[in-house]
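Asker: the sequence and its predicted three-dimensional model are supplied below.
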Amino acid sequence: MELFFRKYGHGPAVIIVHGLYGASDNWVTIARELSTRFEVFLVDQRNHGRSPHSTEHSYELMKEDLLEFMDAQNIPQAVLIGHSMGGKTVMHLAKDYPERVSSLIVIDIAPVSYLETAMKRRHSINHFQILEAMQGIDFSQVKGRAEVEENLAKRIPEERIVKFLMKNLHRNEDNSFNWSLNVDALMANLPAILDGLNEKDFAKGRGITGFPVLFIRGAKSDYISKEVFNDIILTIFPVAELVSIPDAGHWVHAEQPALLIKTLLYFITEE
């Protein structure tokens, strides 16, 4: 699949891969800061942003999409940065094509399955509820953005999440609206999106090595616990380091962009 992308700067290649409900334009501020030293590529993953839609959505496919993108752009090796779902995409690529990775940076996601947690929270704010709320918008009855936002807010009480989702609202040439996300495909494939790597496959010295690995967590986020880092992440990525960004939740790039940029540059350039 040919992915939409944005490119900034010149130098060694850095590829940033967004998370679920995100898009390349969420990372423009970060990319512009990094572009003084690197050639930074921001991609839209399948079923997101301006990339093509498909009924299929899995890490196997997203990994191959990213590899196809690197080949098309003549990028033999790159620093791979992935947030949330994008973090799992770059981990899968690093697993199968380690020679294409110069450094791996994973932001606020672990290589574990979050499906059981999501099912336990089925009646709280979680991905099932978010996608159901987005599916519930009847665009044939919508007259403006405010109406869409109001309808989402009735089912999703967290204003920050609603505002983030609204970035995916697309106005058509006839002034009608639709989601730029392929919401139906994401819902149908949500268990696969929430799935993780099996750490048992990497036990007894079979972990992924050969390049530096950094996991960055928001200090207010519960996506990466110290137990998961020590027991699972270090089994899969034995040389991994962990850094916590203070006063940040899951959306580290939006909540603490300056600290994130400083952390990225320090790790990539070793300055």
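Answerer: Perfect, thanks for sending it. Everything numeric in this text was worked out from a predicted model, so none of it was measured.

Asker: mind telling me what element Lys7 is part of?
Answerer: Lys7 is located in strand 5-8, with elements delineated by DSSP states H and E.

Asker: name the helices or strands packed onto that strand?
Answerer: The contact analysis (3 or more Cβ pairs under 8 Å, 6 or more residues apart in numbering; DSSP states H and E) places strand 5-8 against helix 28-34, strand 39-43. Heads up, the C-betas are built off the backbone N, CA and C, glycines and all.

Asker: which helices and strands does the longest one pack with?
Answerer: For helix 28-34, the helices and strands in contact under the criterion 3+ Cβ pairs under 8 Å, 6+ apart are strand 5-8, strand 13-17, strand 39-43, helix 257-269.

Asker: could I get the ones you listed as TSV with mean pLDDT and mean neighbour count?
Answerer: Formatted as TSV, the helices and strands packed on helix 28-34 follow (pLDDT from 0 to 100; neighbours: other Cβ atoms under 10 Å):
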stretch	mean pLDDT	mean neighbour count
strand 5-8	98	17
strand 13-17	98	26
strand 39-43	98	24
helix 257-269	96	16
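
Asker: which one of the ones you listed lies nearest to Ile81?
Answerer: Shortest distance between Ile81 and the helices and strands packed on helix 28-34, using Cβ to Cβ, is found for strand 13-17: 4.6 Å.

Asker: tell me which other helices or strands that closest one touches.
Answerer: On a contact count with 3+ Cβ pairs under 8 Å, 6+ apart, strand 13-17 meets helix 28-34, strand 39-43, helix 59-72, strand 78-83, helix 85-96.

Asker: any idea which helix or strand of this protein has the worst average confidence?
Answerer: Using mean pLDDT, DSSP states H and E, helix 115-120 stands out as the lowest-scoring helix or strand of the chain, at a mean of 73.

Asker: so the closest residue to Ser180 other than its chain neighbours is in which element?
Answerer: With Cβ to Cβ, 6 or more residues apart in numbering as the criterion, Ser180 has its nearest non-adjacent residue at 4.5 Å, and that residue is His170. Using DSSP H and E, His170 falls within strand 169-171.

Asker: next structured bit after that strand?
Answerer: strand 177-179.

Asker: which other helices and strands contact that next one?
Answerer: Looks like strand 177-179 contacts strand 169-171 (3+ Cβ pairs under 8 Å, 6+ apart).

Asker: and the strand it packs on, what's buried?
Answerer: Leu169 (16 or more other Cβ atoms under 10 Å).

Asker: distance from the chain centre to that strand, please.
Answerer: 21 Å (Cα atoms, centre = their mean, to the nearest Å).

Asker: returning to that earlier point: go through the helices and strands packed on strand 5-8 and name the closest to Lys220.
Answerer: Lys220 lies closest to helix 28-34 among the helices and strands packed on strand 5-8, at 19.3 Å (Cβ to Cβ).

Asker: roughly how far is that closest one from the heart of the chain?
Answerer: Worked out by Cα atoms, centre = their mean, helix 28-34 lies 16 Å from the chain centre.

Asker: which stretches of the stretch 151-271 of the chain have low pLDDT?
Answerer: In the prediction, the stretch 151-271 of the chain carries residues with pLDDT under 70 at positions 270-271.

Asker: then the stretch 1-150 of the chain?
Answerer: The stretch 1-150 of the chain contains residues with pLDDT under 70 at 118-125.

Asker: need the distance between the two termini of stretch 215-222.
Answerer: Its start and end residues considered, stretch 215-222 measures 13 Å (Cα to Cα, to the nearest Å).
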